[in-house]
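Asks: I'd like to go over a predicted model; first the sequence, then the structure.
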Amino acid sequence: MNIDWNAFTPLTALAGGVLIGLASAWLILMNGRIAGISGILGGLLSNARDGSSNRGWQFAFILGLLAGPAIWGLFLALPTIEIRANYPVLIAAGLLVGIGTRYAAGCTSGHGVCGLSRLSPRSLAATMTFMFGGFATVYVIRHLIGA
């Protein structure tokens, strides 16, 4: 295995983790809401139909996720994104993630960041399942398939 030491950035990773933790804590303390992206986006889309009052903060949250890289790009170069999969694989992967998110009643951000910090047994089980699935996928792709 080769490590790209130029891409090893523990300080920026630590800073990002601290910001995610602070934002998650702020949202739950100030708004009583969990910062799970799938729940926020799903709520925004369903609230669009029923006119719920939650729509403002949900829209601001999603807008912030989209605006963050744009703002970063004003000051520093954005990393190059390289995707080595074709469209059918990407579509299948997206569908599998979406199905898994529905079955798990949340995504990795909701369970892994917010749920674990609240000591939720359901989030612990979900996060362990996410991690095992990721480990198994990497093992199969790198060692059994050889990609």
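Replies: It's in.
Asks: Report the buried residues of the helix or strand residue 97 falls within.
Replies: Assessed by DSSP states H and E, residue 97 sits inside helix 87-103. For helix 87-103, the neighbour count (16 or more other CB atoms under 10 Å) marks 100, 101 as buried. In this view, the C-beta of every residue, glycine as well, is placed from N, C-alpha and C.
Asks: Any chance you could list what contacts that helix?
Replies: Helix 87-103 is contacted by residues 38, 83, 85, 107, 133 when judged by CB atoms under 8 Å, 6 or more residues apart in numbering.
Asks: After that helix, which helix or strand is next?
Replies: helix 108.
Asks: Distance from the chain centre to whichever helix or strand comes after that next one, please.
Replies: Counting by DSSP H and E, the next helix or strand C-terminal to helix 108 is helix 116-117. Chain-centre distance of helix 116-117: 15 Å, with CA atoms, centre = their mean, to the nearest Å.
Asks: likewise stretch 87-96?
Replies: Computed by CA atoms, centre = their mean, the chain-centroid distance of stretch 87-96 equals 17 Å.
Asks: Give me the mean pLDDT for it.
Replies: On average, the pLDDT along stretch 87-96 is 90.
Asks: now swap in stretch 104-124 and tell me
Replies: On average, stretch 104-124 scores 85.
Asks: List the buried residues in it.
Replies: 104, 106-115, 120, 123.
Asks: pLDDT score assigned to residue 51?
Replies: 58.
Asks: From the centroid of the chain, which residue is nearest?
Replies: Nearest to the centroid of the C-alpha atoms of the chain, with distances taken as CA atoms, centre = their mean, sits residue 109, at 4.8 Å.
Asks: ok, that residue touching residue 36?
Replies: Yes: Residue 109 lies in contact with residue 36 (CB atoms under 8 Å); the separation is 5.5 Å.
Asks: Tell me which residues touch residue 143, please.
Replies: Residue 143 touches nothing, counting by CB under 8 Å, 6+ apart.
Asks: ok, so what distance separates it from residue 136?
Replies: To residue 136, residue 143 is 11 Å away according to CB to CB, to the nearest Å.
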